[in-house]
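Engineer: turn this into a structure:
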Amino acid sequence: MANFIISKNIILFSIAIALFMLCFSSKEAVADEGTATFYTPPYVPSACNGFENDGVMIAAASDAFWGNGAACGRNYKVTCTGATNQGVAHPCRGSDGVVVKIVDYCPSPACRGTIDLSQEAFAAIADPDAGKIEISIEQI
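Structural biologist: Have a look, this model is predicted:
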């Protein structure tokens, strides 16, 4: 009987430790809100990589998160959440969002959004005719 009680206590202790570790090891993802615009090719040169071709699922960071170039190479999931103007009532396409890599800088006041997506990345989540959309953005 004593062995059963010791085994039961060991099991309960192990479960408690596992739950404790799970609580403090989980990474909570936090999405911010903002706006997105888009820019058209050519995409090189870029502020982060010069004349290196980074593909088309790319973006330029605004002053909101550029951080003197610290944003270079970071990946963000961008999801369309709605329209910013009356021109296109329902601009969003799908709900999965798009993952983009920051390769350029979009300086103020020229940057009209939180993030400036490549034309291809913008078209993957919204109607380009909208020009500017509301988004959620999350670093991944």
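
Engineer: drop to CA atoms for contacts and neighbour counts, all remaining ones
Structural biologist: OK.

Engineer: so what's C48 closest to, chain neighbours aside?
Structural biologist: In space, and not counting its chain neighbours, C48 is closest to V103: 5.1 Å by Cα to Cα, 6 or more residues apart in numbering.

Engineer: that neighbour - how many residues pack around it?
Structural biologist: Each residue near V103 was counted by other Cα atoms under 10 Å, and the total is 27.

Engineer: quick check, it in a strand?
Structural biologist: Yes: according to DSSP: H, G, I helix; E, B strand; the rest coil, V103 belongs to a strand.

Engineer: what's the helix or strand containing G34 in contact with?
Structural biologist: Assigning secondary structure by DSSP states H and E places G34 in strand 32-39. If you take Cα atoms under 8 Å, 6 or more residues apart in numbering as the criterion, strand 32-39 is touched by 84, 112-119, 122, 131-138.

Engineer: immediately after it, which helix or strand?
Structural biologist: Downstream of strand 32-39 (by DSSP H and E), the next one is strand 58-61.
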